[in-house]
Every structure is written in structure tokens, then in C-alpha cells.
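Student: got a predicted structure plus its sequence, pasted below:
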Amino acid sequence: MPEPTSTSSLSLAALAIALLGPAAGPYAVIVFAAMAGAFWPLSSTTTLTRVAGAWLLLRCTLTAVMLTGGAALVLQRAYAIPALESLAPLAFAIGALGNGWRPVFGALAGALSGLAKSLGTKGEGQ
């Protein structure tokens, strides 16, 4: 008699696609790629407990899930890269960024500050 666990394995992704149809496929890709990317910061971070590690993994994964759709649409409009083809790499990259958002926001703030200064000097000379 075969083992029940080996013959009746049904993943959550397969169940979601079966229930919701093909529309659940891109969401499953985003979640799995984001989780794969989130393992990178988890492996390099020293966490005190397993719960802290789980929270880090969840936070990185959910951040990637929330930002991937918008980033894919921006890439599609700006560079004509189809959004469905860029979902997995974007979700992986955002998940892998993990806790490294402060330097990203610092660089954006520096760029905006430089832009404001250059616009301010242009306005003074006129």
C-alpha cells in the first residue's frame, strides 16, 4: 500500500490555480519568487529566535509582493518589457533586498536634493 503523503500531495499553488483559474498563476509566481529572494537576507542576518527569523522572512516577502506589480507596470511603460515576464525577477530582487531599503531611500533623497538645488540655481539666474 502506498504512503498517503506520497500519493496525495497537492500544493497550495496548485489548489489556488484550480480554484481561481489561470488568474492565480502570476500571483503564485510573485509569492514564490519573493520568498526565494527573501531567503537571502534571512541567511545573512543573525536572528535571536526562530520567530524573529520568520517575521523577517514574512516582512521581506510581503514587501516584495506589494511592490512587484507596480514596478512591473513601470518597467512595461518605460522600457516596453512585458509585465508578466518581469514579475519573477522583480519579486526576487525586491525580496533579496530585504532590510537594505534605507540606503535606497537615502540615495533617492540625495538625488532629489541635488535636483532641487540645481533647479534652485537655475531660477536665481533668470
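Tutor: In hand now; what should we look at?
Student: quick one: list the elements packing against the biggest helix by length in the chain.
Tutor: Assignment by DSSP state H gives helix 50-79 as the longest helix of the chain. Helix 50-79 sits against helix 24-44, helix 83-97, with contacts defined as 3 or more Cβ pairs under 8 Å, 6 or more residues apart in numbering; DSSP states H and E. From N, CA and C alone the C-beta is placed, and that goes for glycine too.
Student: any chance of JSON lines for those helices, columns mean neighbour count, mean pLDDT and distance to residue 120?
Tutor: Listed next are the helices and strands packed on helix 50-79 as JSON lines, based on neighbours: other Cβ atoms under 10 Å; pLDDT from 0 to 100; distance: least, Cβ to Cβ, whole Å:
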{"stretch": "helix 24-44", "mean neighbour count": "18", "mean pLDDT": "90", "distance to residue 120": "38"}
{"stretch": "helix 83-97", "mean neighbour count": "20", "mean pLDDT": "94", "distance to residue 120": "32"}
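Student: these: which one's closest to residue 122?
Tutor: helix 83-97 (34.2 Å; Cβ to Cβ).
Student: okay, the closest one in CSV with CA atoms only?
Tutor: C-alpha atoms of helix 83-97 as CSV (Å, rounded to 0.1, in the frame of the first residue of the first chain):
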residue,chain,number,x,y,z
ALA,A,83,4.9,42.9,-17.1
LEU,A,84,4.2,39.2,-16.9
GLU,A,85,7.7,38.4,-17.9
SER,A,86,9.3,40.7,-15.3
LEU,A,87,7.2,39.6,-12.3
ALA,A,88,9.6,36.8,-11.1
PRO,A,89,12.9,38.7,-11.5
LEU,A,90,11.4,41.8,-9.8
ALA,A,91,9.9,39.9,-6.9
PHE,A,92,13.2,38.0,-6.4
ALA,A,93,15.2,41.2,-6.5
ILE,A,94,12.9,43.1,-4.1
GLY,A,95,12.8,40.1,-1.7
ALA,A,96,16.6,39.8,-1.8
LEU,A,97,17.0,43.5,-1.0
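Student: helices and strands around it, which ones?
Tutor: In terms of contacts (3+ Cβ pairs under 8 Å, 6+ apart), helix 83-97 is packed against helix 24-44, helix 50-79.
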